[in-house]
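>>> Provide a 3D model corresponding to the input given below.
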Amino acid sequence: MANAHRGEIEAVLDGKTFRLCLTLGALAELEAAFGDEDMLALAQRFGGGRLSARDCVRLIGAGLRGAGYEIGDDAVRSMRADDGAAGYVDTVARLLQATFGEGTEGRRASAEEPAPGPFSGTT
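Numbers count the residues shown, from 1 in each chain. Next up is the predicted model:
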């Protein structure tokens, strides 16, 4: 069972329940994959609420590996989610919420500009 206090979620992929977690190592993997300098850049990247299929593959893959599964992105590409594309987006939104939390929206990148939350506009 996923532990929300540790940033874990559960998702059903290919009819099996998996635990996902964006650990520090998984976040470092995502920084490298997206060419971002730091975790704030990652939060800002996803704050716009726009996700490509490639983004979903990378995020779900990193979350699975962060939870201890040895599943590469190629395997993630072929996985099926309940509700199709909406199921993938829901999984990613919940994973980002568990990782960055709602408090991210209130932090400031600078004295004048608020940093966007990791998934503004999603529930």
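
>>> would you confirm that Glu31 contacts Met39?
Yes - Glu31 lies in contact with Met39 (Cβ atoms under 8 Å); the separation is 7.3 Å. For the C-beta atoms, the positions are set from N, CA and C on the backbone; glycine is no exception.

>>> which elements pack onto the worst-scoring helix or strand of the chain on mean pLDDT?
Here the helix or strand of the chain ranked lowest by mean pLDDT, DSSP states H and E is helix 39-47, holding a mean of 84. If contacts are counted by 3 or more Cβ pairs under 8 Å, 6 or more residues apart in numbering; DSSP states H and E, helix 39-47 sits against helix 24-34.

>>> contacts for the helix it packs on, please.
If you take Cβ atoms under 8 Å, 6 or more residues apart in numbering as the criterion, helix 24-34 is touched by 22, 36-39, 41-42, 45, 58-59, 62-63, 65-66, 99.

>>> nearest to Tyr88 among those?
Lowest distance from Tyr88 to the contacts of helix 24-34 (Cβ to Cβ) belongs to Leu59, with 9.2 Å.

>>> for the closest one, what is the enclosing helix or strand?
According to DSSP states H and E, Leu59 maps onto helix 53-66.

>>> how far off centre is the following helix or strand past that helix?
Tracing the chain C-terminally past helix 53-66 and defining elements by DSSP H and E, one meets helix 73-77 next. Its chain's C-alpha centre and that of helix 73-77 lie 15 Å apart, by Cα atoms, centre = their mean, to the nearest Å.
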